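K.L.:
Return atomic coordinates for the entry below.
(3 chains)
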Amino acid sequence: MKNFSSLSEIKASLKTGTLSCATLVEHYLKNIEEHKHLNAFLEVYTEEARLQAQRVDEKLRLGTAGRLAGLVVGLKDVLCLQDKGLQASSKILDGFISQFTGTAVQRLLDEDAIIIGRQNCDEFAMGSSNENSAFGPVRNAADPDRVPGGSSGGSAVAVQADLCQVSLGTDTGGSVRQPAAFTGLVGFKPSYGRISRWGLLAYASSFDVIGIFAKSIEDCALVLEVMAGPDEYDSTATQLEVPAYTQKLDRGNAKYKVAYIKNTLESEGLSAAVKQRTVEKLRWLEEQGHTVEAVDFPLLDYMLPTYYILTTAEASSNLSRFDGVRYGYRSPNADSLESMYKLTRSEGFGAEVKRRIMLGTFVLSASYYDAYYTKAQKVRRLIKEATQALLGTYDFLVMPTTPTTAFKLGEHTEDPLEMYLADIFTVHANLCGIPAISLPNGTDSSGLPVGIQIVADLYQEDKLLAFSQYLQGAAT
Amino acid sequence: MKIDKQTLQKIAHLARLEFEEESAEAMMADLSKILDWVEQLNEVDTEGVEPLTHMSVEVNVLREDLSQEPLSRERGLKNAPEKDQDYFRVPKVLE
Amino acid sequence: MLSEDLKNKYTVVIGLEVHAQLLTESKMFASDAVAYGETPNKNISVITLAHPGTLPRINKRAVEFAIRMGIACRSQISRYNIFDRKNYFYPDLPKGYQLTQDRTPICKGGAVTVKTSEGARAIVLNRVHLEEDAGKSLHLAGEADTLVDFNRAGTPLIEIVTEPVIRNADEASSFLTEVRKLVRYLDICDGNMEEGSLRCDVNISLMPAGSTVFGKKVEVKNLNSFSNVRRAIEFETERQATMLERGEAVASETRTFDANTGTTAAMRTKEELNDYRYFPEPDLSPLIVSEEWLQRIEAQMPSLPEELYQRFTAEYGLSDYDAQVLTDSKGIALYFQEICSKTQNYKAAANWMNGPIKGSMNERSIEIEDFPLAPEQIAALIALVDSEKVSFSVASQRIYPLLLQNPKLTPLAIAERENLVQESNQDALLPIIQEVITENPAKVAEYRKGRKGIIGMFMGEVMKKSRGKADPKVANKLLQQALEQ
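P.N.:
Next up is the predicted model:
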């Protein structure tokens, strides 16, 4: 069976009868089995997927199938599916079974998507390489000695290796875009509030969004269109209507004005290959008659510290509920309430999670709150305003997604700070709550994928997707 | 910013975490390093800037006061590490 | 009890924090039910249990209830307010943080007026804010575990905080009484301390009389009745005064009250080391209270005790005392108001309320809501007496009890059935009076000699002979006339 580049291809085959959902699911199940060594899935819903496939095939026969019939999806281990295990790749949620399905996932199911399994990720979505999972690292299908990126590493590899057609990941500081760049996929981050967070295990409440891994822009647009929209269960979800993204992918003859931040291309850690691919793309745009301009962004260096102060603060509070009282792991070594708390959390959480909880607790503590937390909130506002000003003048910001291509397992695990610096280009969009996408942009000399990142203004997903379609269409 | 043992213990207690000697040393070093790094934010002039506290543009998102029966006791207790028919159970607070 | 000397030597400074559970259908941030006396862990949801992936949703009615309280206390309603997270660990706190309003209470300032021995005094408030209640932890003897029940977790609360302006146990008690009355009038809380829908923490310190520097503040928690609040204040005052007299420093700490011994003791858990790390809740939208919304809430507000008191004194001409008593409880006040819509004899209505009706309620241990007679029946009783068909004592002692047993009858029907309609006809009464005078010549002579008091004895005889039906006023008049002849 071929590797389908879009759902429309799948639907075409379903229509002619050369394919059924049942055979499609078998295909993915076989691939999953054959790629076990990549460790992308924590749990495969073999029987349920087969059952669902039968149901959807029947609906297709009757002509009552939903818009996503034929789409097989994988979910990052932070998205609630009723009566299914949920662990955030952590020991502290051992045995936990969700009691409800999140809104975004439910909307996919309502349109007859088939969920094939739960995907490995960095523990509590904290990481940039998927080496922080309690269940072992995920490996990049392009080179199993290398990381796929994180935190949604399993979700990326699943689509990369054709273990499913689309994956849902989450993007708090780049956790969809960065793995997409490392694995040669489309990795999409919508605006904050565009998709409901009801059913999304919270890491950093004012940064988290559900993101999409896909092989094509059209799949991305369709899945976004189905998931997006107001939800009474999420007070931060926007009330704005959902545009018909799938109908707006043709840019017509639009001429664009794009900016790139000078310092991103002069960044110390930027590899030659990534720089070259990025510059090539910018030149191509110019040649096509679009305006490409270099701009300064003085606040660039402050993005990562701002991001780490605010996300760890929110996370330190969001993770307090993991205490062994109502669900999950409880240490067998505890003999009192206090020791139950401390042992459960110390034994249940991995090192990186503990590090971020400690940092977050520190910056929120009374003596330091103003110096760190309030300060970071102020800098965040400045960054957001400066970005909005920029995007008032330019259609998009263009930059590399990551400073390098996929690094080797173990390369950055010694020094946490080193790992944090890998997020340098992606945190920007999360700080501002704006949409961004990583598109495949060639490879380096070893054949490792390079990603290019496009950032748009708030709620401009339609414009972003049309531009992305244009860029992808022109890619050789 | 240098994190000393006392501060580490205080923060760890607030977060209900505990560290043995070795990991405590490592955590202190990591935290000190990271805090030094984030301190560069002091270079930014934030005079007169309001902290950004809410990312969503929505206000007055309210729910009508209607009660619903969303979760049975069975489902509620299902994931409990220790329980009986009716209650969640935890070790007693040591007096 | 503090000696007079010590009382004059120190000023007691008290601030109260009162938590009131709101009478909403559902929880503050989730739609599971708020219902009392339910079996454990029945009123729960994934939100209340803080399952991963859940988010809070603000209960509109709870917000409006809080604003009602603010309006009633003449507080400033914060036009922009948000919720904060108060972070700490306890088994009955599912999220590991409580959603509250630290920075921007929905109501700022305001006051509750109490009656003291020196007249009315406005106890100034610092704030009224919204927050959620925790679940319940049960520590049972013989159990190695603590049992946790989350029914109560997430119940909406308002916290009413006074400025440190209360000066003694009496004032504290009056304040609590007033707050209880107010929340019941507003229909936002049933104000039951014993059941826990109203809770009170006391902050108390002593300073030398005349000083302006407050002493170290002690917080006393776990007070579940008005009398315990009083006892705790009295004990603390004495404890602190004694320490200060001995030159000992009073530690700023949290203490619990032991109802059995009437004493306070330091809490052994290190609550004071807690750093709550408050920060704005990112999962909820800010609340913007518009002028329009405020006006709507005001228009829907139930009458306040103050309003009713004004009407009772100004329109109905009742005394301050009667009006106070009648506005003490909303149910009584509204019932009384109903009676007054059916009669103009407001004074009589007050007498009936404060006398026979209250009496019946006490006897039967019921509230006015369960009282079997409708306000119009009381009005009918009043009309019967006013028409002089029966006396007040007959109405209240003979007809009223029968009416209680037969609420479907009218007072007049009962009076006629029981042959109680007064005889005020002179022609019927004169012969009886003549008889009594004729039978008691000696007494008549005594009366005529000046012993006017014995008219009572004659009246008694007249009443006996008329089998109680003689209209006392008329009989008295005719008797006097006959005796003075």
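K.L.:
The spatially most central residue of chain C: what secondary structure?
P.N.:
Central residue check for chain C by CA atoms, centre = their mean: the C-alpha nearest the mean position is that of residue C:181, 3.7 Å away. Under DSSP: H, G, I helix; E, B strand; the rest coil, residue C:181 falls in the helix class.
K.L.:
That one and residue C:329 touch, don't they?
P.N.:
Yes. Residue C:181 is within contact range of residue C:329, at 7.5 Å (criterion: CB atoms under 8 Å). Where you see a C-beta, it was placed from the backbone N, CA and C, and this is true even at glycine.
K.L.:
secondary structure element for residue C:16?
P.N.:
Using DSSP states H and E, residue C:16 sits within strand C:10-21.
K.L.:
same for the helix or strand just after that strand, what does it pack against?
P.N.:
Using DSSP H and E, the helix or strand that follows strand C:10-21 in sequence is strand C:58-59. Judged by 3 or more CB pairs under 8 Å, 6 or more residues apart in numbering or on different chains; DSSP states H and E, strand C:58-59 is in contact with strand B:62-63.
K.L.:
Residue C:419: how many residues sit nearby?
P.N.:
9 (other CB atoms under 10 Å in any protein chain shown).
K.L.:
make that residue C:288, sorry
P.N.:
Neighbours of residue C:288 under the rule other CB under 10 Å: 12.
K.L.:
Which residue comes closest to it once chain neighbours are left out?
P.N.:
Nearest non-adjacent residue to residue C:288, counting by CB to CB, 6 or more residues apart in numbering or on different chains: residue B:59, 4.9 Å away.
K.L.:
who touches the one you found in this structure?
P.N.:
C:285, C:286, C:287, C:288 (CB atoms under 8 Å, 6 or more residues apart in numbering or on different chains).
K.L.:
Highest neighbour count among these?
P.N.:
In those, the most neighbours by other CB under 10 Å go to residue C:287, 24 neighbours.
K.L.:
Could you list the low-confidence segments of chain C?
P.N.:
For chain C, the stretches with pLDDT under 70 are C:1-2, C:268-273.
K.L.:
Would you mind giving the domain segments of it?
P.N.:
Domain ranges of chain C: C:4-292, C:303-417, C:426-484, per automatic domain parsing.
K.L.:
Pick the most buried one from the ones you listed.
P.N.:
Comparing the domains of chain C by mean neighbour count (mean count of other CB atoms under 10 Å in any protein chain shown), domain C:4-292 ranks first with a mean of 19.
K.L.:
Just give me how far that one sits from the chain centre.
P.N.:
Centroid separation for domain C:4-292 versus its chain: 18 Å, with CA atoms, centre = their mean, to the nearest Å.
K.L.:
Show the average pLDDT along stretch B:88-95.
P.N.:
The average pLDDT for stretch B:88-95 rounds to 83.
K.L.:
tell me the pLDDT at residue A:197?
P.N.:
pLDDT, residue A:197: 98.
K.L.:
Compute the number of surrounding residues for it.
P.N.:
For residue A:197, the count of nearby residues is 27 (other CB under 10 Å).
K.L.:
what does residue C:293 give?
P.N.:
So residue C:293, with other CB under 10 Å, has 17 neighbours.
K.L.:
Got the phi and psi for it?
P.N.:
Main-chain torsions, residue C:293, degrees, to the nearest 10: phi -60, psi -40.
K.L.:
Roughly how far does it sit from residue C:299?
P.N.:
Note on residue C:293: its distance to residue C:299, by CB to CB, to the nearest Å, is 11 Å.
K.L.:
same deal with residue A:224?
P.N.:
Distance of residue A:224 to residue C:299, given as CB to CB: 44 Å.
K.L.:
If you count surrounding residues, which of those two has more?
P.N.:
More crowded of residue A:224 and residue C:299, by other CB under 10 Å: residue A:224, with 26 against 7.
K.L.:
show me what contacts that one?
P.N.:
If you count contacts by CB under 8 Å, 6+ apart, residue A:224 has them with A:188, A:190, A:194, A:195, A:212, A:245, A:461, A:465.
K.L.:
How about the residues of the stretch 1-150 of chain C by chain B?
P.N.:
Contact residues, the stretch 1-150 of chain C versus chain B (CB under 8 Å from any CB of the partner chain): C:24-26, C:30-35, C:39-42, C:44-46, C:48-49, C:57-63, C:82, C:87, C:89, C:91, C:138-139, C:143-150.
K.L.:
Could you pull out the buried residues of the longest strand along chain B?
P.N.:
Using DSSP state E to define each element, chain B has its longest strand at strand B:88-91. The neighbour-count check on strand B:88-91 (16 or more other CB atoms under 10 Å in any protein chain shown) flags B:88, B:89, B:90, B:91 as buried.
K.L.:
Tell me if the top helix by length along chain A is near chain B.
P.N.:
Using DSSP state H, we find that the single longest helix of chain A is helix A:375-393. Yes. Applying CB under 8 Å from any CB, one finds that helix A:375-393 is in contact with chain B at A:375, A:376, A:377, A:378, A:379, A:380, A:381, A:382, A:384.
K.L.:
Can you list the helices and strands that that helix packs against?
P.N.:
Secondary-structure packing of helix A:375-393 (3+ CB pairs under 8 Å, 6+ apart): strand A:257-261, helix A:303-318, strand A:396-400, helix A:427-432.
K.L.:
could the ones you listed go into a markdown table alongside mean neighbour count and mean pLDDT?
P.N.:
As requested, those are arranged in a markdown table below (neighbours: other CB atoms under 10 Å in any protein chain shown; pLDDT from 0 to 100):
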| stretch | mean neighbour count | mean pLDDT |
| --- | --- | --- |
| strand A:257-261 | 19 | 97 |
| helix A:303-318 | 26 | 97 |
| strand A:396-400 | 25 | 97 |
| helix A:427-432 | 26 | 98 |
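K.L.:
Which one, of these, ends up nearest to chain B?
P.N.:
helix A:303-318 (3.9 Å; CB to the nearest CB).
K.L.:
Tell me what angle the closest one forms with helix A:375-393.
P.N.:
120 degrees (axes from the mean of the first three to the mean of the last three CA atoms, to 10 degrees).
K.L.:
Would helix A:303-318 count as contacting chain C?
P.N.:
Yes. Judged by CB under 8 Å from any CB, helix A:303-318 and chain C are in contact via A:313, A:314, A:317.
K.L.:
Please name the residues that touch the last one.
P.N.:
For residue A:317, the contacting residues are A:360, A:364, C:85, C:87, C:96, C:97, C:277, C:279, taking CB under 8 Å, 6+ apart as the criterion.
K.L.:
mind running it again at 10 Å?
P.N.:
Residues counted as contacts of residue A:317 (CB atoms under 10 Å, 6 or more residues apart in numbering or on different chains) are A:202, A:204-205, A:357, A:360-361, A:364, B:15, C:85, C:87, C:95-97, C:277, C:279, C:281-282.
K.L.:
got the contact list for the residue most central in space within chain B?
P.N.:
In chain B, the centroid-proximal residue (CA atoms, centre = their mean) is residue B:15; its distance is 6.5 Å. Going by CB under 10 Å, 6+ apart, residue B:15 touches A:316-317, A:319-320, A:341-342, A:345-346, A:349, A:354, A:357-358, A:360-362, C:87, C:89, C:96, C:277.
K.L.:
Just the ones of those in helices?
P.N.:
Per DSSP H, these map to helices at A:316, A:317, A:341, A:342, A:345, A:346, A:354, A:357, A:358, A:360, A:361, A:362.
K.L.:
Which pLDDT value belongs to the fifth one?
P.N.:
Note on residue A:345: pLDDT of 98.
K.L.:
Count the residues that sit near the closest residue to residue A:92 other than its chain neighbours.
P.N.:
Closest residue to residue A:92 apart from its sequence neighbours, by CB to CB, 6+ apart: residue A:348 at 3.0 Å. By the measure other CB under 10 Å, the count of residues near residue A:348 is 22.
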